[in-house]
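A.B. asks: Quick one: sequence plus predicted model below, questions after.
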Amino acid sequence: MARPIWKGSISFGLVSIPVQVETAVREKSVKFHMLSKDGSCRLRRKLYCPETGDEFNWKDTARGIEVADNQYVVVEEKEIEAARPEKSKAIEIEQFVKLEEIDPIFFDNAYYVTPGEGGAKAYRLLHEAMKESGRIGIARMTLRERQNLVAVRIYGDGMSLHTLHYADEVLAIEEALPAALAKVKPNAKEVEVAKQLVEAMTKDLKLSDYKDEYREQLEELIERKRAGKETVTVSAETEEELPQPINLMDALKRSLASNKAQDPSRKSA
């Protein structure tokens with residue numbers, strides 16, 4: 001069972017239901033690490049100035065937004081912190097709508113919403129109410145320090161939660177279409193034949209029939225190489241000092257600390 005990434009409550013009207021949110025999708029891909037040519041060393045990135053070549057410690061950096069060519073507005077960490085949304089443990093449903101009112105382009109990440117301790121009955125109540133009404137809930141929640149617009153809907157015997165893109169984040173399709181498209185008009189016979197082809201290709205959807213063939217081929221290749229002992233061993237010292245990072249921030253901090261430890265002259269720089 002997946003560990004919940006968020007615990008709190010979901011409310012509609014005066015009804016409050018203790019719930020927890022869990023990841024619903026685990027994307028699969030083959031991720032490569034950068035190694036030296038002989039595979040003996042895992043390579044790391046550094047924070048450095050391309051003009052001078054000087055390396056920087058993370059604590060000596062600032063955040064900036066580019067507002068024009070080579071012009072940045074520097075924003076301090078305390079200013080960013082002040083702008084962050086207030087931490088909340090509530091998913092407050094503000095309205096109910098039909099699912100078809102939301103175009104799929106607005107959907108972002110998917111999660112499962114499961115009942116928290118003592119919340120099974122109220123959870124089932126909301127589930128049944130949405131199921132019989134054919135509605136989904138639109139709410140706001142703070143997740144990973146960001147205020148999210150979310151959609152809550154029934155999914156099987158439970159409920160799922162989808163973060164939504166805000167309206168001003170979705171570009172107008174007109175911006176992507178060529179102007180000449182408006183002058184293109186297929187004739188009626190072409191449209192009719194195209195419709196017949198669509199009908200002929202229409203069948204029940206079974207998503208499990210579709211596979212990521214590229215990923216599967218890479219996984220098979222890797223397994224063959226592993227079984228044939230075509231592997232390389234990275235320095236144990238490197239792995240001990242720089243374990244596989246959980247995120248980019250961790251990788252940067254560990255990389256900078258390792259570089260300073262290996263080059264004493266930089267401690268006094």
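C.D. replies: Good, I have the coordinates.
A.B. asks: List the residues that contact the residue lying closest to Asp157 once chain neighbours are set aside.
C.D. replies: Excluding the flanking residues, the one nearest Asp157 by C-beta to C-beta, 6 or more residues apart in numbering is His127, at 7.6 Å. All C-beta spots, glycine's among them, are computed from the backbone N, C-alpha and C. By C-beta atoms under 8 Å, 6 or more residues apart in numbering, His127 lies in contact with 154, 157-159.
A.B. asks: Just those residues: which are in strands?
C.D. replies: The strands, defined by DSSP state E, take in 154, 158-159 from these.
A.B. asks: of the residues you listed, buried ones?
C.D. replies: 154, 159 (16 or more other C-beta atoms under 10 Å).
A.B. asks: Now do the residue nearest the centre of the chain, the pLDDT please.
C.D. replies: Nearest to the mean C-alpha position of the chain, by C-alpha atoms, centre = their mean, lies Asn109 at 6.1 Å. According to the prediction, Asn109 has pLDDT 95.
A.B. asks: Give the helix, strand or coil label for it.
C.D. replies: Per DSSP: H, G, I helix; E, B strand; the rest coil, the local secondary structure of Asn109 is strand.
A.B. asks: isn't Val15 right up against Tyr123?
C.D. replies: No. Val15 sits out of contact with Tyr123 when judged by C-beta atoms under 8 Å, with a separation of 10.3 Å.
A.B. asks: So which of those two has more stuff around it?
C.D. replies: A side-by-side neighbour count of Val15 and Tyr123, using other C-beta atoms under 10 Å, places Tyr123 first with 20 against 13.
A.B. asks: So the more buried one versus Lys98, what's the distance?
C.D. replies: Per C-beta to C-beta, to the nearest Å, Tyr123 is found 22 Å from Lys98.
A.B. asks: Equivalent analysis for Val74, please.
C.D. replies: Counting by C-beta to C-beta, the separation of Val74 from Lys98 is 46 Å.
A.B. asks: Check Lys211 too.
C.D. replies: Lys211 is 33 Å from Lys98, by C-beta to C-beta.
A.B. asks: One more: Gly39?
C.D. replies: Taking C-beta to C-beta as the measure, Gly39 falls 55 Å from Lys98.
A.B. asks: partner residues bridging Val21?
C.D. replies: Beta-bridge partners for Val21, by DSSP bridges, are Trp6, Val113.
A.B. asks: That one contacts Arg3, doesn't it?
C.D. replies: No. Using C-beta under 8 Å, Val21 is not in contact with Arg3; the gap is 10.8 Å.
A.B. asks: out of the two, which sits in the more crowded spot?
C.D. replies: Ranked by neighbour count (other C-beta under 10 Å), Val21 and Arg3 place Val21 first, with 21 against 7.
A.B. asks: pLDDT score for the more buried one?
C.D. replies: At Val21, the model reports a pLDDT of 95.
A.B. asks: low-scoring stretches of the chain, by residue?
C.D. replies: The chain contains residues with pLDDT under 70 at 1-2, 232, 234-269.
A.B. asks: if I pick the residue nearest to the centre of the chain, what's in contact with it?
C.D. replies: 25, 162-163.
A.B. asks: Which of these fall in strands?
C.D. replies: Per DSSP E, those map to strands at 162-163.
A.B. asks: can I get the contacts of Asn109 in a markdown table with neighbour count and distance to Arg144?
C.D. replies: Formatted as a markdown table, those follow (neighbours: other C-beta atoms under 10 Å; distance: C-beta to C-beta, whole Å):
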| residue | neighbour count | distance to Arg144 |
| --- | --- | --- |
| Val25 | 9 | 16 |
| His162 | 20 | 15 |
| Thr163 | 18 | 10 |
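A.B. asks: Out of the contacts of Asn109, which is nearest to Glu219?
C.D. replies: Set against Glu219, the nearest of those by C-beta to C-beta is Val25 (18.8 Å).
A.B. asks: From Lys195, how far off is the spatially most distant residue from the centre of the chain?
C.D. replies: For the chain, the residue at maximal distance from the C-alpha centroid (C-alpha atoms, centre = their mean) is Lys189, at 44.2 Å. Separation of Lys189 from Lys195 (C-beta to C-beta) stands at 11 Å.
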